[in-house]
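>>> Structural data only, the sequence is not supplied:
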């Protein structure tokens, strides 16, 4: 059985790689394709059921994905959009939880209200992994993406506290609103402190590590450590990972060198791709577990699932329209981008996909209460939660690009190009100012100074021709043909050297590690051309 499980995992990971070019060709996010792939596998009787402890899903998946997302953002982005993020990550999650619990309890009066609240809490938060995988690659305005990702990253704090309080109430038969509010405050505080502690300690240790792979490996382990430590201390594990990741991302400006950035970017791009694909494939695969628990009578749960989906999706639209109408004038004075319009509201509404967190929390619902009785409504809750996830991923996910095109919501590329040109100009000015200082202190000959200055100016013109002056562009145009010719010759010569080194690797008496060191130097030399 373990052998079949391993084969299944490798099949999902292999499909993750193939989903990248296929998604690009079809114009769909690979996460959507992986969810559909998992559903297809789940419906094939010969495919074994995936056997992963539900309590391990979030600790295994969220830390690396949150860290990868944090590398693309900063504290400043969250600070600029704190009002919109708070309204959705806290208030909207609470409102959705209450509304879903009320509707579900009306449909199933025999299920305790606490169990209905648990369902509401686990379907209320849009998933940060789903948002990053689907909404982050559609060319949306950066502020809009920042708010969507911020909502997905912070709303789990609210949802998990509500979920935990509801589960405990059903298990023990008692509930305290005051205790739930206290748990929320403690969870957020402990998670923040743990995240800061691990981020600070990790940055100090990274300063002492000399090699880029060592730093990248530490960056991989720290989010897992922050997650586990915070969870064991009653804090928000998700918030701890987020704070730790953002701290390390900012601290990397102090200790990060070019090798660290190159190695780290490649490593996290691959890690995020594989973990995201596995997570969404797992969502589809778990459908077999849900159908098995529901039994042959699963169609009778479709009515309640449709009602909950309508509440989740409809309430989000009403909330966004209302808050946009109320706060639009205030956001207009704070945001550098255009304020929210009804078009942006439609995109934000349809981008509220549920995903990994919802599935993991649903599967983690206990089988029985403290009194030994079956957990009330567990089958109905599990089926409804999966219906919400599959609806948002397999309907909203594939149609989100069409919604973006129909509404015409796009990033202002012209404004971004202006910012980029201004930044290149600042970079050149800083380089030339430093060159002036070195020329004075080192007493550089005039011809050396002129050559170095023209080199930096040509480099700017090559990186961004629009940011360079006319003379630099003309010099660059003249040099490009010559440079291309020299690069072709150099690459041809280097390729002959690589072939000789590879031939030596197959000869007896030549240590492979020596050849690998030579090959690395040759590859770096080729990359510098």
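Cool, the structure landed. Computed from a prediction, not measured in an experiment: that's the story for all the values here. Numbers count the residues shown, from 1 in each chain.

>>> contacts and neighbour counts: CA atoms only from here.
Fine.

>>> Let me see the ranges of the strands in this structure.
Shown for the chain, no strands are assigned by DSSP state E.

>>> What is the least confident helix or strand in it?
None of the helices or strands of the chain scores lower by mean pLDDT, DSSP states H and E than helix 470-505, at a mean of 65.

>>> mind listing what the residue lying closest to residue 408 once chain neighbours are set aside touches?
In space, residue 408 comes closest to residue 343 once its chain neighbours are excluded; the distance is 7.5 Å by CA to CA, 6 or more residues apart in numbering. Taking CA atoms under 8 Å, 6 or more residues apart in numbering, we find residue 343 in contact with 407-409.

>>> Residue 343 and residue 410: what is the separation?
To residue 410, residue 343 is 10 Å away according to CA to CA, to the nearest Å.

>>> Report the contact partners of residue 62.
Contacts of residue 62 by CA under 8 Å, 6+ apart are 129, 238.

>>> Over to the one 5 residues further on?
Contacts of residue 67 were listed using CA under 8 Å, 6+ apart, and they are 223, 241-242, 245-246.

>>> 7 Å instead?
Neighbour list for residue 67: 223, 242, 245 [criterion: CA atoms under 7 Å, 6 or more residues apart in numbering].

>>> Let me have the residues you listed in a markdown table, extended by neighbour count and pLDDT.
Formatted as a markdown table, these follow (neighbours: other CA atoms under 10 Å; pLDDT from 0 to 100):
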| residue | neighbour count | pLDDT |
| --- | --- | --- |
| 223 | 30 | 92 |
| 242 | 29 | 86 |
| 245 | 31 | 87 |
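
>>> Mind putting the residues you listed into TSV with distance to residue 276?
Below are the contacts of residue 67 laid out as TSV (distance: CA to CA, whole Å):
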residue	distance to residue 276
223	16
242	17
245	18
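
>>> Which ones among the residues you listed lie within helices?
Cross-referencing these against helices under DSSP state H gives 223, 242, 245.

>>> ok, the residue lying closest to residue 74 once chain neighbours are set aside to residue 218 distance?
Leaving aside its sequence neighbours, residue 74 sits nearest to residue 246 (CA to CA, 6+ apart; 6.3 Å). When distance is defined by CA to CA, residue 246 is 15 Å away from residue 218.

>>> Looking at the two, which is more packed in?
The neighbour comparison of residue 246 against residue 218 (other CA atoms under 10 Å) goes to residue 246, with 23 against 16.

>>> which residues does that one contact?
70, 74-75.

>>> hmm, try it at 10 Å
66-67, 69-75, 195-196, 199, 252 (CA atoms under 10 Å, 6 or more residues apart in numbering).

>>> quick one: it from residue 73, how far?
8 Å.

>>> Find residues that contact each of residue 343 and residue 410.
With CA under 10 Å, 6+ apart as the test, residue 343 and residue 410 both reach residue 404.

>>> Give me the domain ranges for this structure.
54-270+299-411, 413-468 (automatic domain parsing).

>>> By mean pLDDT, show me the worst of those.
Among the domains of the chain, domain 413-468 has the lowest mean pLDDT, at a mean of 69.

>>> burial measure for residue 269, as a count.
There are 11 residues near residue 269, going by other CA under 10 Å.

>>> cool, and the one 10 residues further on?
Applying other CA under 10 Å, we find 26 residues neighbouring residue 279.

>>> Kindly report the same for residue 151.
Applying other CA under 10 Å, I find that residue 151 has 29 neighbouring residues.

>>> before we move on, what about residue 447?
Residue 447 has 9 neighbours, counted by other CA under 10 Å.

>>> Check the one 5 residues further on too.
For residue 452, the number of neighbouring residues by other CA under 10 Å comes to 14.

>>> what do you get for residue 128?
What residue 128 shows, counting by other CA under 10 Å, is a neighbour count of 28.

>>> got a list of what the residue most central in space within the chain touches?
Closest residue to the average C-alpha location of the chain: residue 69 at 3.8 Å, with CA atoms, centre = their mean. Taking CA under 10 Å, 6+ apart, we find residue 69 in contact with 63, 128-129, 132-133, 149, 153, 242, 245-246, 268, 272.

>>> need those residues in TSV with distance to residue 99, can you?
TSV is the format used below for the contacts of residue 69 (distance: CA to CA, whole Å):
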residue	distance to residue 99
63	30
128	22
129	24
132	26
133	28
149	24
153	22
242	28
245	33
246	33
268	38
272	34
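
>>> In helices, which of those appear?
Those of these lying in helices (DSSP H): 63, 128-129, 132-133, 149, 153, 242, 245-246, 268, 272.

>>> Break down the stretch 351-500 of the chain into its helices, ranges please.
Assigned by DSSP state H, counting those that start in this stretch, the helices in the stretch 351-500 of the chain fall at 356-363, 378-391, 397-407, 413-442, 446-463, 470-505.

>>> relative to helix 378-391, how tilted is the third one?
To tie it back to what came earlier, the one meant is helix 397-407. Per axes from the mean of the first three to the mean of the last three CA atoms, to 10 degrees, the angle that helix 397-407 makes with helix 378-391 is 40 degrees.

>>> Which strands and helices lie in contact with helix 397-407?
helix 30-42, helix 128-134, helix 342-350 (3 or more CA pairs under 10 Å, 6 or more residues apart in numbering; DSSP states H and E).

>>> could these go into CSV alongside distance to residue 163?
Output for the helices and strands packed on helix 397-407, formatted as CSV (distance: least, CA to CA, whole Å):
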stretch, distance to residue 163
helix 30-42, 25
helix 128-134, 17
helix 342-350, 23
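
>>> which one of those lies closest to residue 326?
helix 342-350 (13.0 Å; CA to CA).

>>> mind listing what's buried in the closest one?
344-350 (16 or more other CA atoms under 10 Å).

>>> swap in stretch 218-231?
Buried residues in stretch 218-231 (16+ other CA under 10 Å): 218-220, 222-231.

>>> for these, which one is nearest residue 374?
Looking across these and measuring by CA to CA, the closest to residue 374 is residue 231, at 26.4 Å.

>>> dump the residue contacts of the closest one.
59, 187, 190-191, 194, 225, 237-238, 240.

>>> What's the ChimeraX line that selects buried ones from the residues you listed?
Buried members of the contacts of residue 231, defined by 16+ other CA under 10 Å, are picked up in ChimeraX with:
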select :59,187,190,191,194,225,237,238,240
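
>>> of all the contacts of residue 231, which comes closest to residue 321?
Using CA to CA, these come closest to residue 321 at residue 238, 28.4 Å.

>>> The closest one against residue 58, yeah?
Yes - taking contacts as CA atoms under 10 Å, residue 238 lies within contact range of residue 58: 9.1 Å.
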